[in-house]
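[1] next come a sequence and a model predicted from it.
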Protein chains: 2
Amino acid sequence: MARRSDSGRGKRPSMADVAQRAGVSQTTVSYVVNDTPHIRLPDETRQRVWEAVRELGWRPNAVARSLSKRRSHTIGFLSDEIATLPYAGHIIRGAQAAAWARDTLLLVISTDGDRHLEQRGFALLLERQVDALIYATMYHRAVTLPPIDPEIPLVLLNCFAADGSTPSVVPDEVQGGRAAAEALLTCGHRRIGFLNTHDPIPAAVGRLEGYRTALAAAKLPFEPQLVRSAGTDAAEGYRCTLELLQLPERPTALVCFKDVMAIGAYEAVKQLGLHIPDDVAIVSFDNLEVIAPQLFPPLATMALPHYEMGMWSVNYLLDPPGTPLGSPVHQRLPYRLIERESLIAAGRA
Amino acid sequence: MARRSDSGRGKRPSMADVAQRAGVSQTTVSYVVNDTPHIRLPDETRQRVWEAVRELGWRPNAVARSLSKRRSHTIGFLSDEIATLPYAGHIIRGAQAAAWARDTLLLVISTDGDRHLEQRGFALLLERQVDALIYATMYHRAVTLPPIDPEIPLVLLNCFAADGSTPSVVPDEVQGGRAAAEALLTCGHRRIGFLNTHDPIPAAVGRLEGYRTALAAAKLPFEPQLVRSAGTDAAEGYRCTLELLQLPERPTALVCFKDVMAIGAYEAVKQLGLHIPDDVAIVSFDNLEVIAPQLFPPLATMALPHYEMGMWSVNYLLDPPGTPLGSPVHQRLPYRLIERESLIAAGRA
């Protein structure tokens, strides 16, 4: 795993560096990173800023040393299975980068999805007088929390309260589905299959909506037989891809719900003697570092805004935007397309 | 990711359940889990016990509520990039399971390999009066630590002090390399290639030694041309596998240093029109859940003792075995072979 080139040595990047790299003003960087309310910026600008933040490894300057003496300078981070996930470490990295910048310590507890441990975890963190809490989940879903002192600031990360009562930050599933389909439409594809999960989770519903929106915007009909709802392992990706590629009019491109499903899609395409991307282009979701860049050819995929959600949560807790009571923020952050050769062959972009 | 079937509901498993499942006495379970010194047990018995612990999701009973009042009941867990790793979450899970069982909280800090953050991380943890510290690394290597109060108990996890001054727990690389080669020898293979990393790290050196030991025990010559030292990505796995399979007397089996390399090995075998495992059997290292069970066919691999190292570290810190001063423990824990169809086709085991 590559270290950021500037970590631990050389000049630390500044907000000005981020602004320059993203081609925006420092004010815009501040708006994006703090997600200042009532500021409208194109998604594309926000993405550019986040990319520059990540590429430079920028940590916002510790202007906020003026935090009240009353504070313990700790934020409790409680998650279900997040610490055991291949990609979700990025959530912790993003949250920690924002916390370090304020001399705040992130106390991470993973409960393994055990409700009993979850309650003990909250209790232990509150005993230690954390200033605020983040509750994060493995995948984007609705949650019901145990009763928590409403005086403690709380953000839900990658999840949301079914009753909308708690501030939350989640990936923008509709934008993600739309951007994946648009990437393929831009390459000229007109018949695009979609291997979705059969679980009716927000990612499945939102991405399908985004896919349909992209087709409609391109004045293409929605063809239900091009959408497969299935399990999310490689075997299911293989099975569904074989089915789609044996349709009388086969799709020339596929969107896969997960990188792991794409492993199976690759196997099916190759077994049929077809070529990626010339016969079948593929875009998936997750950007797992151990899979996407390692496949033959490398896999184009939509990266989840994990780092950004982690950073947003801590910044929100330490600098609450002062929204009126009774209207908690429900933030959506965009996916980023990682272009690789399963979308378009090298040298032809 | 499957939840353990017993988590959060039903009867909690007991030490007796673990003993029964592993087919050993409760005393043996206690010896293994606490790694009691001067007790000799076969590796195979230790593995069976750890498997039963994991399968049942057992957490040692909270006998140790009698901890001194002076204690803060927290252990600081500082790591380089561990929280961002695909598999190393298991280390945190293992450490946390052991910590929960003693009503101890694990405070996890990931420093992203930044030396400056590392020193601040240690300072922040010590300010919060942790009872003990665990320092964990992404891969098995020697480390140099910043100066730390020698009064604070410290264990190095997946790493070791070059001068041997600090207790440590690491994977048994020699055992791992030997077990991988033995699995292939047992299936009748006599020419076994080895795709190793070119980095002279303990895993590379130890696994090669184990591979050679297994060959020698089977009275087979060591053939240097069957060993390739390379980068550890899929492209390198592909390149080296093509080379090995085009030797005049090609190997019938491969050991890969990483699951990611095996992705490339699979691609090379298939491009040559050969079949896994009939023409080329493959065993790798890592057992990444998003790769090994997802390949075609599923990949046999050596699972790292991450969970066990996490649990061992906490148990060691909370129940130090009373070794004489000046002779810190350097514990090695074994790899486990995960048999899948790249080793032997289903139905033929």
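    Noted; the coordinates are in hand. Numbering: from 1, shown residues only, chains lettered A, B, ... in the order given.
[2] the helices in the stretch 51-200 of chain A, which residues?
    Taking DSSP state H, counting those that start in this stretch as the criterion, the stretch 51-200 of chain A contains helices spanning A:89-100, A:115-127, A:173-186.
[3] what does stretch A:191-205 rub up against?
    A:139-142, A:170-171, A:173, A:181, A:184-185, A:207-208, A:211, A:215, A:223, A:226-232, A:236-237, A:240-241, A:244, A:249-258, A:261, A:265, A:285 (C-beta atoms under 8 Å, 6 or more residues apart in numbering or on different chains). In this view, the C-beta of every residue, glycine as well, is placed from N, C-alpha and C.
[4] thinking again about what came up before, rank the helices of the stretch 51-200 of chain A by pLDDT, which is bottom?
    Ranked by mean pLDDT, the helices of the stretch 51-200 of chain A end with helix A:115-127 at the bottom, a mean of 78.
[5] list the helices and strands that helix packs on?
    For helix A:115-127, the packing partners by 3 or more C-beta pairs under 8 Å, 6 or more residues apart in numbering or on different chains; DSSP states H and E come out as strand A:74-79, strand A:105-110.
[6] now what about the last one, what contacts it?
    Yep, that's strand A:105-110 we're talking about. A:73-84, A:92, A:95-96, A:99, A:121, A:124-125, A:128, A:130, A:314, B:83, B:89, B:92-93, B:96, B:105-109, B:124, B:128.
[7] the same query, at a cut-off of 6 Å, please.
    Outside strand A:105-110, the residues within contact range by C-beta atoms under 6 Å, 6 or more residues apart in numbering or on different chains are A:74-79, A:83, A:95-96, A:99, A:121, B:107-108, B:124.
[8] before we move on, back to that, mean pLDDT lowest where, among the helices and strands packed on helix A:115-127?
    Taking the mean pLDDT of the helices and strands packed on helix A:115-127, strand A:105-110 comes last: a mean of 82.
[9] ok, residue A:164 to residue B:174 distance?
    Using C-beta to C-beta, to the nearest Å, we find residue A:164 at a distance of 56 Å from residue B:174.
[10] of these two, who's got more company?
    The neighbour comparison of residue A:164 against residue B:174 (other C-beta atoms under 10 Å in any protein chain shown) goes to residue B:174, with 19 against 11.
[11] you'd agree residue A:81 is up against residue A:138?
    Yes: between residue A:81 and residue A:138 there is a contact under C-beta atoms under 6 Å: 4.7 Å.
[12] one step back: among the contacts of stretch A:191-205, which lie within strands?
    Mapping these onto strands (DSSP state E) picks out A:139-142, A:170-171, A:227-230, A:253-256, A:285.
[13] also within reach of chain B: list those from those residues.
    Counting by C-beta under 6 Å from any C-beta of the partner chain, nothing from the ones in strands among the contacts of stretch A:191-205 sits close to chain B.
[14] and those residues, which are buried?
    A:139-141, A:170-171, A:227-230, A:253-256, A:285 (16 or more other C-beta atoms under 10 Å in any protein chain shown).
[15] buried residues of stretch A:44-56, list them for me.
    A:46-50, A:52-54, A:56.
[16] typed the wrong thing, it's stretch A:194-212
    Those buried within stretch A:194-212 under the rule 16+ other C-beta under 10 Å are A:194-197, A:202-204, A:206-208, A:210-212.
[17] pLDDT added to the residues you listed, as a markdown table?
    Output for the buried residues of stretch A:194-212, formatted as a markdown table (pLDDT from 0 to 100):
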| residue | pLDDT |
| --- | --- |
| A:194 | 98 |
| A:195 | 98 |
| A:196 | 98 |
| A:197 | 97 |
| A:202 | 96 |
| A:203 | 97 |
| A:204 | 97 |
| A:206 | 98 |
| A:207 | 98 |
| A:208 | 98 |
| A:210 | 98 |
| A:211 | 98 |
| A:212 | 98 |
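[18] and these as TSV, adding distance to residue B:306?
    Compiled in TSV, those are given as follows (distance: C-beta to C-beta, whole Å):
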residue	distance to residue B:306
A:194	36
A:195	31
A:196	32
A:197	28
A:202	31
A:203	28
A:204	31
A:206	34
A:207	32
A:208	36
A:210	37
A:211	38
A:212	42
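[19] and the gap between the residue of chain A positioned farthest from its centre and chain B?
    Distance from the centre of chain A peaks at residue A:248, with 35.6 Å (C-alpha atoms, centre = their mean). Distance of residue A:248 to chain B, given as C-beta to the nearest C-beta, to the nearest Å: 26 Å.
[20] before we move on, what about residue A:113?
    5 Å.
[21] just confirm that residue contacts residue A:78, I think it does.
    No: the criterion here is C-beta under 6 Å, and residue A:113 misses it with residue A:78 at 11.7 Å.
[22] more neighbours: which of these two?
    Neighbour count, other C-beta under 10 Å: between residue A:113 and residue A:78, residue A:78 has more, with 24 against 18.
[23] so what's the more buried one up against?
    A:109, A:121, A:135.
[24] pull the number of nearby residues for the first one.
    What that stands for is residue A:109. 24.
[25] okay, the angle between the lengthiest helix in chain A and helix A:173-186?
    Counting residues, the longest helix in chain A under DSSP state H turns out to be helix A:202-217. Here the directions of helix A:202-217 and helix A:173-186 differ by 40 degrees (axes from the mean of the first three to the mean of the last three C-alpha atoms, to 10 degrees).
[26] among the buried residues of stretch A:194-212, which one lies nearest to residue A:299?
    Closest to residue A:299 out of the buried residues of stretch A:194-212 is residue A:195 (13.3 Å), distances taken as C-beta to C-beta.
[27] next one: the closest one relative to residue B:330, how far apart?
    Counting by C-beta to C-beta, the gap from residue A:195 to residue B:330 is 48 Å.
[28] next one: residue A:56
    For residue A:56, the distance to residue B:330 - C-beta to C-beta - is 40 Å.
[29] ok, residue A:124 next?
    Counting by C-beta to C-beta - residue A:124 and residue B:330 are separated by 32 Å.
[30] between these two, which has more neighbouring residues?
    residue A:124 (21 against 14).
[31] around chain B, pick out the residues from the stretch 151-300 of chain A.
    So the stretch 151-300 of chain A meets chain B at A:234, A:260, A:263, A:267, A:288, A:290, A:294, A:296 (C-beta under 6 Å from any C-beta).
[32] surely the third one is in a strand?
    No: secondary structure of residue A:263, determined by DSSP: H, G, I helix; E, B strand; the rest coil: helix, with no strand assignment.
[33] give me the neighbour count for it.
    Residues near residue A:263, counting by other C-beta under 10 Å: 26.
[34] run through the residues that contact it.
    Residue A:263 neighbours (C-beta under 6 Å, 6+ apart): A:234, B:294.
[35] understood, closing this out.
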